[in-house]
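**Student:** Dropping the sequence and predicted coords here.
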Amino acid sequence: MDKMLIGSIINGEERKEESRNSMEVVSPYNEETVAELKLATKKDLDDAVNSSFDIYHSTMKVMPANERADILRKAADLLEERVEDFATIICKEAGKPIKYSRGEVKRSIQVLRFSSELAKNIFGEVIPMDAAVGGENRMGLVKRIPLGVVGAITPFNFPLNLSLHKIAPALAAGNTIVFKPAEKTPVSAYMFVKLLEEAGLPKGVINLLIGTGEEIGAPLVKQDKVHKISFTGSLNVGKKIRETAGFKKVTLELGSNSPNILFEDADLGYAVKELVKGAFAFSGQVCISAQRIYVQRNIYDKFLEDYINQTNALKIGDPLNEETDIGPMINEESAERAKLWIDDAVEKGAKVEAGGDRKGTILSPTIMTNVDENMKIIAQEVFAPIVSVIPFDTEDEVIHYSNNSIYGLQAGVFTKDIDRALRVADKLEMGGVWINEISTYRQDNHPYGGVKQSGIGKEGVKYAIEDMTEMKFIGIKLNNQD
Ligand SMILES: NC(=O)c1ccc[n+]([C@@H]2O[C@H](COP(=O)([O-])OP(=O)(O)OC[C@H]3O[C@@H](n4cnc5c(N)ncnc54)[C@H](O)[C@@H]3O)[C@@H](O)[C@H]2O)c1
Ligand SMILES: O=C[C@H](O)CS(=O)(=O)O
């Protein structure tokens with residue numbers, strides 16, 4: 001395959017001179033070089049921020065909503081024509097099986113369409129002033145205005161869709177963007193920035209910086225002309241961003257160790273099938289992956305037997321193969337770290353029921369039992385194809401186990417008893433709870449974001465737009481009243 005050469009794009013110009021420092025994007029499956037990156041410098045960062053700041057004032061702040069909507073719609077149409085190109089590149093750069101890569105591109109198209117529609121529906125309100133003493137003959141308007149420059153920093157695991165969850169609402173709301181994708185998987189993001197220009201986005205509305213978190217991400221967070229940082233990634237980096245962002249608005253979409261709860265009346269066949277996907281899709285490198293499965297004791301043995309059988313039937317191999325369910329993890333270091341966590345749990349008394357082997361970047365889908373809350377595979381985010389199956393007796397007990405975590409992003413609850421389902425959903429300390437659906441399911445238009453150390457703020461197009469606008473109050477005293 002011809003290697004792509006990629007640089008930062010600032011004010012429409014790509015910066016990829018030979019003299020720059022470089023990095024390679026390598027397929028985690030076969031080490032084939034996917035792209036050579038020419039890295040951004042401190043000057044590029046300053047230029048990108050200044051460009052986004054100036055273009056906000058000259059262009060984006062005054063661009064009518066219908067024009068913003070047209071650009072987003074055109075981008076969706078172009079992306080729809082190129083699903084295979086984008087899916088193939090995600091598959092190569094991230095090692096994500098092609099069927100899941102295609103799914104990511106299709107969701108990205110929806111994110112653009114939702115954003116296009118909502119760009120024309122950003123409403124303020126009129127406040128009745130006569131409700132307060134002395135308010136007569138006055139009127140209050142609340143307008144929603146863009147923030148200015150949004151700094152978007154994104155992770156490797158959904159390199160296109162999670163970038164679009166920031167870029168598309170930011171544009172819908174009338175902001176400009178400085179965008180730093182993950183250095184492990186920046187190729188689909190780069191292709192998308194180019195596509196936006198084809199869709200009619202003026203130069204400099206989005207400036208792309210290709211670089212590492214330390215060299216470009218961290219200083220971007222400190223830039224005074226950036227008004228908001230929208231970050232998706234790990235808890236450790238999220239904490240640093242929170243500490244260094246100063247007065248900027250910050251959205252943090254971080255990790256989790258999502259619980260899924262099966263009560264005795266759950267549809268077992270359905271739950272087994274869905275939870276195999278829920279734990280192992282993209283090798284568990286999904287922030288809402290099913291990491292802990294709590295099963296009521298009288299259906300535990302049956303669940304475990306079926307779950308092991310279906311997990312062992314998953315096809316492991318080349319992510320470009322249509323049949324592949326499990327490809328590589330993002331790199332060998334991640335697979336090795338995950339394997340060490342399995343070994344650590346086994347030393348503490350856990351049992352491996354399926355998988356547990358590592359070959360290079362591929363960790364076989366692993367089911368653990370006999371686990372406890374002090375093991376890393378329970379207490380921390382595994383972000384790997386490792387799931388623990390744990391028996392429980394009572395509703396109170398399983399709510400306690402589920403909530404006993406620093407995280408709280410999404411959970412799944414399986415039962416036919418709607419009263420119980422809603423009662424449990426209310427008691428779970430989570431940003432979102434699905435009933436009769438796996439924790440791993442997300443649609444792109446519902447509010448999405450965690451409580452506790454899973455994050456701050458919400459995405460999901462409408463909610464991201466809210467977070468990417470400011471309320472501005474304008475009061476009027478009317479003098480022509482009787
Ligand atoms: N809640 C969500 O919506 C969500 C979605 C996807 C992934 N995640 C989380 O992301 C993590 C996996 O992704 P990752 O490994 O790419 O995460 P990561 O935190 O290592 O990197 C994410 C981004 O932050 C940048 N970065 C690194 N250090 C930085 C710093 N000091 N300042 C600013 N930016 C910096 C990286 O270059 C990258 O672009 C997991 O923890 C997962 O749960 C959360
Ligand atoms: O990795 C976590 C993501 O939020 C999953 S999804 O892209 O939103 O489905």
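**Tutor:** Right, received. Where do you want to start? Ligands and ions are numbered 1, 2, ... in the order given.

**Student:** Only C-alpha atoms from now on, for both contacts and neighbour counts.
**Tutor:** OK.

**Student:** Residues contacting stretch 96-115, please?
**Tutor:** Contacts with stretch 96-115, where a contact means CA atoms under 8 Å, 6 or more residues apart in numbering, come from 69, 72-73, 75-77, 79-80, 83-84, 86-88, 90-91, 158, 160-161, 164-165, 168-169, 172, 281-282, 318-322, 324-328, 444-445, 461-462.

**Student:** check contacts around the residue nearest the centre of the chain.
**Tutor:** By CA atoms, centre = their mean, the chain has its centre lying nearest to Leu162, at 4.4 Å. Going by CA under 8 Å, 6+ apart, Leu162 touches 154-155, 232.

**Student:** secondary structure class for it?
**Tutor:** With DSSP: H, G, I helix; E, B strand; the rest coil as the basis, Leu162 sits in helix.

**Student:** How much space separates it from ligand 1?
**Tutor:** Relative to ligand 1, Leu162 is positioned 7 Å away (CA to the nearest ligand atom, to the nearest Å).

**Student:** now stretch 410-430: mean pLDDT?
**Tutor:** Average pLDDT, stretch 410-430: 98.

**Student:** what about that stretch, how long is it end to end?
**Tutor:** 6 Å (CA to CA, to the nearest Å).

**Student:** what comes up buried for that stretch?
**Tutor:** 410-415, 421, 424-425, 428-430 (16 or more other CA atoms under 10 Å).

**Student:** Narrow these to those in helices?
**Tutor:** 421, 424-425 (DSSP state H).

**Student:** Just send those residues back as CSV, with distance to ligand 1 too.
**Tutor:** Putting these into CSV (distance: CA to the nearest ligand atom, whole Å) gives the following:
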residue, distance to ligand 1
Ala421, 24
Val424, 22
Ala425, 19
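
**Student:** ok, so of those, who is nearest Val205?
**Tutor:** Ala425 (41.2 Å; CA to CA).

**Student:** my guess is the closest one meets Val433, correct?
**Tutor:** Yes. Using CA atoms under 8 Å, Ala425 is in contact with Val433, at 5.9 Å.

**Student:** Is Glu24 bridged to anything, and to what?
**Tutor:** Per DSSP bridges, the residues bridged to Glu24 are Glu36.

**Student:** Now stretch 368-387: buried residues?
**Tutor:** For stretch 368-387, the neighbour count (16+ other CA under 10 Å) marks 368-372, 375-387 as buried.

**Student:** Out of those residues, which are close to ligand 2?
**Tutor:** Among the buried residues of stretch 368-387, no residue lies close to ligand 2 (CA under 6 Å from any ligand atom).

**Student:** Next step: those residues restricted to helices.
**Tutor:** 376-379.

**Student:** With distance to Asn479 as extra columns, can I get those residues in JSON lines?
**Tutor:** Listed next are these as JSON lines, based on distance: CA to CA, whole Å:
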{"residue": "Lys376", "distance to Asn479": "68"}
{"residue": "Ile377", "distance to Asn479": "68"}
{"residue": "Ile378", "distance to Asn479": "66"}
{"residue": "Ala379", "distance to Asn479": "64"}
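
**Student:** Which single one of those is nearest to Ile293?
**Tutor:** Ile378 (10.4 Å).

**Student:** Report the secondary structure state of the closest residue in space to Val83 that isn't next to it in sequence.
**Tutor:** If the residues on either side of it in the chain are set aside, Val83 comes closest to Val105, at 6.2 Å by CA to CA, 6 or more residues apart in numbering. Following three-state DSSP, the label given to Val105 is helix.
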